[in-house]
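[1] got a sequence here, can you build the structure:
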Amino acid sequence: MQIFLIYYGLGQFPAIRHSVLWPVLRQPYWCAIIALARNTAAYGSEIIRGGLQSVPEGQIEAARACGMSRFLIFRRIILPLAVRQALPAYGNEIILMVKATALASVITMMEVTGLAAKLISETYRAVEVFIVGGSIYLIINYVITRIIHLLECWLTPHLTSVPPAVIEREDAI
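    Now for the predicted structure:
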């Protein structure tokens with residue numbers, strides 16, 4: 001709905017059509033970026049807020065007791081713990097954003113879904129075209145989930161499982 005309102009709705013106002021924003025707002029590419037960025041910014045800010053609030057107060061008090069400055073507490077205590085907590089939810093938000101790009105075809109912007117619809121109208125091969133389009137989204141989301149998983153493993157090395165080679169060496173001893 002936001003994409004639709006930004007692209008078709010804002011052009012109705014003469015003040016916007018005569019402003020410096022009009023060269024940006026008359027193009028579907030920028031309208032889609034603005035709408036999707038606004039939407040994900042709202043969810044992303046709540047995810048970050050939740051991550052920051054999840055840091056135990058005792059950790060912050062202990063850092064203050066050690067004499068750390070506010071910046072050092074934020075850099076060494078609050079930020080790493082908040083990122084660990086927020087990363088899975090933010091990864092989900094990134095994946096949702098990739099899937100939401102399909103909505104940009106509503107405003108005449110050609111992306112994967114829009115190109116698929118165009119190809120279907122030309123070739124009448126709906127199944128093959130949608131399988132290829134779905135595969136593209138699947139590959140993109142798979143890469144994103146692997147990157148998020150690697151970040152989670154890097155940020156929480158104590159929670160990752162023990163590699164099988166270590167177990168085999170312990171059995172040999």
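
[2] give me the distance from stretch 107-121 to the chain's centre.
    Relative to the mean C-alpha coordinate of its chain, stretch 107-121 is positioned 23 Å out (C-alpha atoms, centre = their mean, to the nearest Å).

[3] neighbouring contacts of it?
    3-4, 7-8, 28-29, 31-32, 101-102, 104-105, 125-126, 129-130, 132-133, 136-137 (C-beta atoms under 8 Å, 6 or more residues apart in numbering). All C-beta atoms are positioned from the backbone trio N, CA, C, and that covers glycine.

[4] mind listing the helices for the protein?
    Secondary structure of the chain by DSSP state H: the helices cover 2-4, 14-17, 22-25, 28-53, 57-65, 70-73, 79-100, 112-123, 126-155, 164-172.

[5] turn those into TSV, including mean pLDDT and mean neighbour count.
    Below are those laid out as TSV (pLDDT from 0 to 100; neighbours: other C-beta atoms under 10 Å):
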stretch	mean pLDDT	mean neighbour count
helix 2-4	85	17
helix 14-17	87	11
helix 22-25	88	13
helix 28-53	92	16
helix 57-65	94	12
helix 70-73	95	12
helix 79-100	93	16
helix 112-123	88	16
helix 126-155	93	13
helix 164-172	55	9
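
[6] centre of the chain to stretch 25-41, how far?
    Using C-alpha atoms, centre = their mean, the offset of stretch 25-41 from its chain centre is 15 Å.

[7] just stretch 143-158 next, same as before
    14 Å.

[8] try stretch 89-102
    Counting by C-alpha atoms, centre = their mean, stretch 89-102 comes out at 5 Å from the chain centroid.

[9] just the C-alpha atoms of it, please, in PDB.
    Taking only C-alpha atoms (Å, rounded to 0.1, in the frame of the first residue of the first chain), the coordinates of stretch 89-102 have been written out as PDB:
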ATOM      1  CA  ALA A  89      15.100 -11.200  13.900                       C
ATOM      2  CA  TYR A  90      16.900  -8.800  11.700                       C
ATOM      3  CA  GLY A  91      17.900 -11.600   9.400                       C
ATOM      4  CA  ASN A  92      14.200 -12.500   9.100                       C
ATOM      5  CA  GLU A  93      13.500  -8.800   8.200                       C
ATOM      6  CA  ILE A  94      16.100  -8.900   5.500                       C
ATOM      7  CA  ILE A  95      14.500 -12.000   4.000                       C
ATOM      8  CA  LEU A  96      11.100 -10.400   4.200                       C
ATOM      9  CA  MET A  97      12.500  -7.300   2.400                       C
ATOM     10  CA  VAL A  98      13.800  -9.400  -0.400                       C
ATOM     11  CA  LYS A  99      10.400 -11.000  -0.800                       C
ATOM     12  CA  ALA A 100       8.700  -7.600  -0.600                       C
ATOM     13  CA  THR A 101      10.600  -6.400  -3.700                       C
ATOM     14  CA  ALA A 102       8.100  -8.400  -5.700                       C
END
